[in-house]
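[1] could you work out the structure for the sequence below:
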Amino acid sequence: TTIYLEKMERGGLFDKLRDSLDDPVNWKRSAKIMAMSTIGSAAVMNDSVVLIFSAVVVDLCVRHKVANSMPYLLSLATTA
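    Below you'll find the predicted structure:
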């Protein structure tokens, strides 16, 4: 799985996900994360969605200087 994640990073998948989930408003960003993880888990396995999206969610929290990223990660885990 590490090799696949590295290929996805080089291919720009994470950048596309980051751009589509990014929003300056916190609740909109959280809603986008929940919607995309729900759609993603319907298409592929839940574990894969959480594995791929968790790096993107943490990066978005760092980018927006969110003090606690736990609500975003919990919304990702519960909707996947």
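[2] and the residue nearest the centre of the chain?
    Nearest to the mean C-alpha position of the chain, by C-alpha atoms, centre = their mean, lies residue 53 at 3.0 Å.
[3] which ones are touching it?
    Residues in contact with residue 53, defined by C-beta atoms under 8 Å, 6 or more residues apart in numbering, are 17, 33, 36, 37, 40, 76, 80. Just so you know, the C-beta spots here come from the backbone N, C-alpha and C atoms, and that holds for glycine as well.
[4] which of these fall in helices?
    17, 33, 36, 37, 40, 76 (DSSP state H).
[5] these two touch, right, the first one and residue 57?
    Right, residue 17. No: under the contact definition of C-beta atoms under 8 Å, residue 17 does not touch residue 57, with a separation of 9.4 Å.
[6] buried set for stretch 31-47?
    For stretch 31-47, burial by neighbour count (16 or more other C-beta atoms under 10 Å) applies to 33, 34, 36, 37, 40, 41.
[7] nearest to residue 64 among the residues you listed?
    Of all those, residue 33 has the smallest distance to residue 64: 12.4 Å, by C-beta to C-beta.
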